[in-house]
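1. 3D model of this:
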Amino acid sequence: MNIARTLNNWRKYRQTVSELDRMSNRGLSDLGIDRSDIRRLARQATGF
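-> Numbering: from 1, shown residues only. Prediction:
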């Protein structure tokens with residue numbers, strides 16, 4: 001069960017990073033996110 005949870009968290013992490021990476025710098029700025037913070041924020045959001 002723990003493996004399934006880890007894989008699910010990894011998938012959510014990759015999806016979050018991918019979606020944020022596709023956004024423009026302006027769009028990220030409107031959300032208060034710097035491009036260099038994407039991976040850190042994705043880790044926090046997904047628990048990965």
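
2. Which helix runs longest in this structure?
-> Using DSSP state H to define each element, the chain has its longest helix at helix 2-22.

3. Quick check: nearest residue in space to the residue minimising distance to the centre of the chain, chain neighbours excluded?
-> Computing the C-alpha centroid of the chain and ranking residues by Cα atoms, centre = their mean puts Ala42 first, at 2.8 Å. Counting by Cβ to Cβ, 6 or more residues apart in numbering, Ala42 lies nearest to Thr16, which is 4.1 Å off, once chain neighbours are set aside. Just so you know, the C-beta spots here come from the backbone N, C-alpha and C atoms, and that holds for glycine as well.

4. per-residue pLDDT, the one you found?
-> What the model reports for Thr16 is a pLDDT of 95.

5. Report how many residues lie close to it.
-> 19 (other Cβ atoms under 10 Å).

6. thought it was touching Ala45?
-> Yes - Thr16 lies in contact with Ala45 (Cβ atoms under 8 Å); the separation is 5.9 Å.

7. can you pull the pLDDT of Met1?
-> Predicted confidence (pLDDT) for Met1: 67.

8. how deep is Arg35 tucked in, by neighbour count?
-> Neighbour tally, Arg35, other Cβ under 10 Å: 13.
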